[in-house]
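Asks: Predicted model and sequence below, questions to follow.
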Amino acid sequence: MSRAGTAPDRRSDRPVRQGGGLGGGLGIQRWGHWLANHLVLGIGLLVLLYMFVPILIVVAMSFNQPASRNSYSFNEFTLRNWANPCEPLGMCDSVLLSVQIGLLATLVATALGTLMAFALVRHRFRGRSVANVFTFLPMASPEIVMGSSLLALFVAGGFAGALGFVTILIAHIMFCLSFVVVTVKARLAGLDPRLEQAAMDLYANEWQTFWRVTFPLVFPGILAAALLSFSLSFDDFIITNLNAGQEVTFPMYVWGAAQRGIPPQINVIGTVMFLTALLLVLLGELNTRRRERA
Amino acid sequence: MSDTEERRGGLVGYVLLLPAGAWLTLFFVVPLVTLVSTSFYDPAGSLELGYRVTGQVTNYASVLSDYSEQFLRSLGYAATATLVCVLLGYPLAYAIAFKAGRWRNLMLVAVIAPFFTSFLIRTLSWQLILADQGWVVDTLQFLHLLGEDGRLLATPVAVVTGITYNFLPFMVLPLYASLEKIDPRLIEAGSDLYASPFTTFRTVTLPLSLPGLVAGTLLTFIPAAGDYINAQLLGNTRTQMIGNVIQKLFDGGSYPEAAALSVTLMAVIVVLVLAYVRRAGTEDLV
Amino acid sequence: MGSANDLVLTGVSKRFGSFVAVDDLDLTVPAGSFFALLGPSGCGKTTTLRMIAGLETPTGGRITLGADDITALKPYRRPVNTVFQSYALFPHMTIAENVAFGLRRSGTRDVKDQVAAMLEMVELGDYGRRKPAQLSGGQQQRVALARALINRPRVLLLDEPLGALDLKLRRQMQIELKQIQTEVETTFVHVTHDQEEAMTMADTVAVMNAGVIEQMGRPEDLYEHPSTTFVANFLGQSNLIRGELGGAEQADVVVDVHGTRLLAPGAQVPDGGREVWVGIRPEKVTLAAAGAGALRGANVLESGVVTDASFTGVSTQYLVRMPWGQELMVFEQNTGQHKGFVVGDTVDLHWVPDHTFLLDAGQDSAAGVERETVP
């Protein structure tokens, strides 16, 4: 009895004794281990800092009163840029255009992409694997190639003079689609088919099963896809620039301003974008935590 | 599933697939085909007068001889930036996956946070950071790492820095995704068997994270090779990349040459990617 | 109730491509019974259950419930509910919403009161507002049960419902499930690969293998009188010794086993040739020192050598090598009345002839052997 009782105790304190007894050598090794452990975290945090420096500068410059048109250094603190965000000619129009295109492109791309994701995950048909690879291609093509080939199509089709809102929209929906399909597909593939079977087993017909079980469970994926689409569309420059005709989206406005001299209000818009997105993400995170706790 | 059910499922599948599939065909595949055929047009034509299909490769020959420098530069910059992305991104992804603990989600948000503001604005911000009178240049000059009249802006260093910065999240996220799947007990078992952390990393962690590394490399290299924003905003005329050239040719109305350059870029990328993926041994990437 | 609510499967088959999952199955589940479908993984038991639930369409045959043919009915049109393997609780709904799901679809009134009562019954009265992820495995299991039972199905299907629980909890849930079944008097069809679980809970056990039912009956009957080598080995463990039928002796038959004359009950002589498998359960055998006298009329196999003895607490499990080379298992209760044997001892094996069973020698003596020790 007593032997059986003490044996595990002895075993468990053995490492402690060794650590104390061997002192030096093991201590250095341990210290090295601690360093190795925290070194990675330290480097990681430094890299994160590197990623944030430019954004901090954008925020800081939104409060800057530039000394002259071509001066980029921080001169004087002011709230003027925030008070008159639309002062630079055409900037707010370009933001508005980008928002319009972003919303429309998101709506169409999310709808079509979600349908396609359902087809690829839930249905077995000939050519499914080809379709799967096919959706990846736009993500693996350089933007300049996609943009120039679309332009080549519009030119060859005789629409060179008609470039504008519609052609931008077509292009944006095209490059958002792949991202939507991939995002929704991942969510759908992770959905346990037994959940839908359970709903059917509990007297829900196909329609009720879809709206009460499938859709709510896939919805976070659809929402993520929509947010991704909007940010991709809002931020796109290379493809848009080739197919925009006379229209000027916000990134195109920034591009133009970069050649002429950057109005500080651009940084206001950049800061607002950043904060809005951050707020959305934090709200989403809070919501998940609240739901998990409730 | 019986045969009839399968057929019905297939039909519904096609119906669901149709809108997006048609869109991608019409505005991705058909344009690529048009691009290829445009590249064979006679460059003497114009939009107003129309083009003649030469069926010859003259456009390719001329653009390759005129712009081979920009081509090689693009590939060089993209490769360098990708390498730096691996060096910076791997520790970060590793830290998030294994060391971040309950801060994991926050760090992930931090990784994608730069996306929250515009690509162009972020790049302009680098203009400021690397500016001649900026603190980075001052510090480097103080440390004698940079000569008195040395500069960063308008140099290849600035362009590569910008590319690295802009595409780093594309490296970190896939790396994190594959690192996160590794059972920490495997690494413990590894350090139990191999003792040295480095050997454990080389024999256990690295091979298991290879799919993420390959995906990250492709997601960084491909857009980097086609990018021209960084070269334009942070470089000078001697740091021009192939994207700048294509953009300029299109702007100037030289569609056949621009198309030929685009097709060449795509072809080179496809060849490089295939060779790379085959070497990395992860052909079932998609 | 009577047979008006019996669940009857007639000639039911299911093929997936060229693979036959269920082959021409005939099965009657009496109304109100606790019926277990027992078999190794891949034997077709889950497919059978899914066909009863309507989640799989039979390739052939008919399924009727009382007077109703339900073969082709959609799952949501059948008075049948399922407790799924790993429960399949809706993660986005609260426990109460999960339990109410079926009632809401069928448009029942006073759903709230019924849900509260049902949660009380499974002892989760305070958990209605939680989400499934916040419950333990055992609690989730009870929610799954409540969610199915609240609809008062005519048949409740349970697909390996206890598979995800640890051993202790599984024992507890076995007893609870059995109690609930007695309480609600619904037909339970329980699919499991755990023979002990099936025997503890069910009134009737059907042992299934390779798409067909090997044997069906009360757990005691299956255990004491297995009709195939598969059942003999899958339900508990058996010693199967090659023998040759001799003449009858009153109610018994004589079997010659490697030169030794044994008796077996005459009631269950298999059809076929004179060659048979003579079966005896390890716990029915007693060991005696070589040459020690046996009880009158006992079957005796002499001169075995103990090759392994493992003490398990309740019993000691011996392996005994017989003169013809076969190793037989003997489980002796540790009653403390006689000392155990050690490896190398020469022993005789004794047992009561009534415990002997005979099987067709054409069957594989290793069919259904599970590579794990009986607890």
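Replies: Sure thing, it's come through.
Asks: Could I have the CA atoms of stretch A:231-238 written out in CSV?
Replies: Presented in CSV, the C-alpha positions along stretch A:231-238 are these (Å, rounded to 0.1, in the frame of the first residue of the first chain):
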residue,chain,number,x,y,z
SER,A,231,-12.6,46.3,-49.1
LEU,A,232,-11.1,44.8,-52.2
SER,A,233,-13.4,46.8,-54.4
PHE,A,234,-12.9,50.0,-52.5
ASP,A,235,-9.1,49.7,-52.5
ASP,A,236,-8.5,48.5,-56.1
PHE,A,237,-6.4,50.7,-58.3
ILE,A,238,-4.6,48.8,-61.0
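Asks: Which residues does it contact?
Replies: Contact partners of stretch A:231-238, identified using Cβ atoms under 8 Å, 6 or more residues apart in numbering or on different chains, comprise A:98-99, A:101-102, A:105-106, A:143-144, A:147, A:172, A:175-176, A:179, A:249-252, A:255, A:273, A:277, B:115-116, B:118-120, B:226-229, B:243, B:247. Yep, even glycine has a C-beta here, placed from its N, CA and C like the rest.
Asks: Also stretch C:82-91?
Replies: Contacts for stretch C:82-91 (Cβ under 8 Å, 6+ apart): A:192, A:194-195, A:197-199, A:201, A:213, A:217, C:46, C:49, C:53, C:55, C:97-98, C:101, C:131-133, C:140-141, C:143-145, C:147-148, C:156-161, C:163-164.
Asks: Sort out for me which of those residues are in strands.
Replies: Cross-referencing the contacts of stretch C:82-91 against strands under DSSP state E gives C:156-159.
Asks: residues touching residue A:142, list them.
Replies: B:222-223, B:225-227, B:243, B:265-266, B:269.
Asks: likewise residue A:176?
Replies: A:105-106, A:109-110, A:113, A:228-229, A:232-233.
Asks: with those in mind, which one is nearest to chain B?
Replies: residue A:113 (5.8 Å; Cβ to the nearest Cβ).
Asks: where's stretch B:229-245 relative to the chain centroid, distance-wise?
Replies: 16 Å (Cα atoms, centre = their mean, to the nearest Å).
Asks: avg pLDDT for that stretch?
Replies: Mean pLDDT, stretch B:229-245: 90.
Asks: residues of it that come out buried?
Replies: Across stretch B:229-245, burial judged by 16 or more other Cβ atoms under 10 Å in any protein chain shown covers B:229-235, B:239-245.
Asks: Over to stretch C:218-228?
Replies: Those would be C:219, C:222-223, C:225-228, for stretch C:218-228 by 16+ other Cβ under 10 Å.
Asks: which stretch of helix or strand covers residue C:317?
Replies: Using DSSP states H and E, residue C:317 sits in strand C:315-321.
Asks: What is the most widely separated pair among the contacts of residue A:176?
Replies: A:113 and A:233 (12.9 Å; Cβ to Cβ).
Asks: out of these two, which sits in the busier spot?
Replies: residue A:113 (30 against 26; other Cβ atoms under 10 Å in any protein chain shown).
Asks: and the more buried one, what helix or strand is that in?
Replies: helix A:91-122.
Asks: Ok, residue B:153 next?
Replies: Going by DSSP H and E, residue B:153 is not in any helix or strand.
Asks: I'd say it and residue B:132 touch.
Replies: Yes: the criterion here is Cβ atoms under 8 Å, and residue B:153 meets it with residue B:132 at 6.3 Å.
Asks: Compare those two (neighbour count), which wins?
Replies: Ranked by neighbour count (other Cβ under 10 Å), residue B:153 and residue B:132 place residue B:153 first, with 21 against 12.
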